[in-house]
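Undergrad: Take a look and give me a structure for this.
(one chain, ligands or ions: 1)
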Amino acid sequence: MAITDELAALQESTLADIAKAENTEALDQVRVAVLGKAGTLTAYLRSMGQVPPEERAVVGKTVNATRVVVEDALASRKKELEAAELDAAISAAAVDVTLPGRAQQMGTRHLINRITDEICEVFLGLGYTVAYGPEVETDYYNFEALNAAADHPSRSMQDTFYVHDLSGDASKVRGESDVLLRTQTSGVQVHVMEDQELPIYIVAPGKVYRRDVADPSHLPQFNQIEGLVVDKNITFGDLKGTLDYVCKKIFGEERKTRFRAHYFPFTEPSAEVDVSCGICHGEGCRFCKGTGWLELLGCGMVDPNVLRMSGIDPEEYSGFAFGLGVERAACLKYNVPDLRMLLEGDMRFLRQF
Ligand code: DAH
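TA: The predicted model follows:
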């Protein structure tokens, strides 16, 4: 075959290869195979010396023309492929602005904090202030100054978390420490009576701790709101009127209260207050165990001994006190059957309130 025919065939197959190249990488392989150092067309250019002189002009021209055609074809295919590759890269990186965004899961204030604030707000409206006391307490504030004798059952190791005495006093082994996690917010009463001027109108919210195993009606850590009023001429009527008003504000005007005689060491007389069941409204149902009433809080007239121990003259001043469980109040308000549900952190439950 004449060289010119060979070149024509080479040109044809190279153009076909160029057309078939699917990306710039494949195209470069074609270029190297034809025009590279060991390329097929390069070989013709190199071997011009062996071409007989009379053919040299024609063959030279043809080789050059072939090269120009191949180079042009490579250049235009390269442009095409680069444009396609750029398009593909752009659409791969594209943001679909019509996709709905991912909503941030916003938390909310926990039910326990909300109810605590709600109850405190009602008292603020009556002119009370909010007081706080320490969660790690001494035996004196948690028991003794509240008239709870040393043999009072609430002091027992079963109920109270004692804090290991760190003073190095060897006579105080674990369990006989004077330091404990408060079992009730009632100790704040004592701090307030010691620290504040009379008259006193305070509520004291906070955490308390007891050695209880969690069950539907017990938690080892829960929240209470304590209340204390000390003023001249305070009567049991003031206590009843105040708590009845507050219960209606918190649970709804249709709810009723009843006072049952009870015993607490720091009040005399003492009572427990029940609120009418929010499910059956007094008829009796499973939630109220058939009684129509739900136990809400403890209260009473401050025992004269307690006033005296904190330096207040019970001949001149009288007062009332109360303490309520916040988790219990939340459950009564929203008809939740199990205190533990409040602590599980299940958003499906908490979002309902
Ligand atoms: N501290 C009591 C308790 O934890 C509740 C209580 C009852 C508080 C009567 C009071 C009160 O202030 O007067 O069970």
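
Undergrad: Model confidence score at residue 167, please.
TA: Looking at residue 167, its pLDDT is 62.

Undergrad: Same question for residue 171.
TA: If you check residue 171, the pLDDT there is 53.

Undergrad: which residues touch stretch 79-99?
TA: Residues outside stretch 79-99 that contact it (C-beta atoms under 8 Å, 6 or more residues apart in numbering) are 21-24, 27. For the C-beta atoms, the positions are set from N, CA and C on the backbone; glycine is no exception.

Undergrad: now the helices for the stretch 101-250 of the chain?
TA: Taking DSSP state H, counting those that start in this stretch as the test, the helices found in the stretch 101-250 of the chain are 111-125, 139-142, 187-195, 236-251.

Undergrad: buried subset of the contacts of stretch 79-99?
TA: Buried members of those, counted by 16 or more other C-beta atoms under 10 Å: 21, 27.

Undergrad: Quick check: the two most widely separated of the contacts of stretch 79-99?
TA: The span of the contacts of stretch 79-99, defined through C-beta to C-beta, is set by 22 and 24 at 9.4 Å.

Undergrad: For this structure, which residue is located at the greatest distance from the centroid?
TA: In the chain, residue 54 marks the outermost C-alpha relative to the chain mean, sitting 93.0 Å out by C-alpha atoms, centre = their mean.

Undergrad: Tell me the residues of this protein that contact the ligand?
TA: Residues of the chain lying close to the ligand (C-beta under 6 Å from any ligand atom) are 184, 186, 226, 264, 267, 298-300, 321-323.

Undergrad: list the contacts for the residue in the stretch 101-250 of the chain that the ligand sits nearest to?
TA: Of all residues in the stretch 101-250 of the chain, the one sitting closest to the ligand is residue 184 (3.5 Å; C-beta to the nearest ligand atom). Taking C-beta under 8 Å, 6+ apart as the criterion, residue 184 is in contact with 142, 208, 224, 226, 323.

Undergrad: Burial check on the second one, number of neighbours?
TA: As a burial measure, residue 208 scores 24 neighbours (other C-beta atoms under 10 Å).

Undergrad: For it, list each beta-bridge partner.
TA: Under DSSP bridges, the beta-bridge partners of residue 208 are residue 222.

Undergrad: wait, what's in contact with it?
TA: Counting by C-beta under 8 Å, 6+ apart, residue 208 has contacts 135, 181-185, 221-224.

Undergrad: What about those, which are in strands?
TA: 181, 221-224 (DSSP state E).

Undergrad: So which of the residues you listed wins on neighbours?
TA: residue 224 (25 neighbours).

Undergrad: Give me the residue ranges of this structure where confidence is low.
TA: The model of the chain has pLDDT under 70 over residues 1, 157-158, 165-176.

Undergrad: ranges for the strands of the protein?
TA: All strands of the chain, identified by DSSP E, fall at 129-130, 136-138, 179-181, 200-209, 221-231, 257-264, 267-276, 293-302, 318-325.

Undergrad: Can you tell me which helices and strands the third one packs against?
TA: Taking 3 or more C-beta pairs under 8 Å, 6 or more residues apart in numbering; DSSP states H and E as contact, the helices and strands that strand 179-181 lies on are strand 136-138, helix 139-142.

Undergrad: Include mean neighbour count when you put these into TSV, please.
TA: Below are the helices and strands packed on strand 179-181 laid out as TSV (neighbours: other C-beta atoms under 10 Å):
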stretch	mean neighbour count
strand 136-138	18
helix 139-142	20
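
Undergrad: Reformat these as TSV; add distance to residue 77.
TA: Output for the helices and strands packed on strand 179-181, formatted as TSV (distance: least, C-beta to C-beta, whole Å):
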stretch	distance to residue 77
strand 136-138	81
helix 139-142	89
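
Undergrad: Indicate which one of the ones you listed is closest to residue 123.
TA: helix 139-142 (21.8 Å).

Undergrad: distance between the closest one and the chain's centre?
TA: Relative to its chain's centre, helix 139-142 lies at 34 Å (C-alpha atoms, centre = their mean, to the nearest Å).
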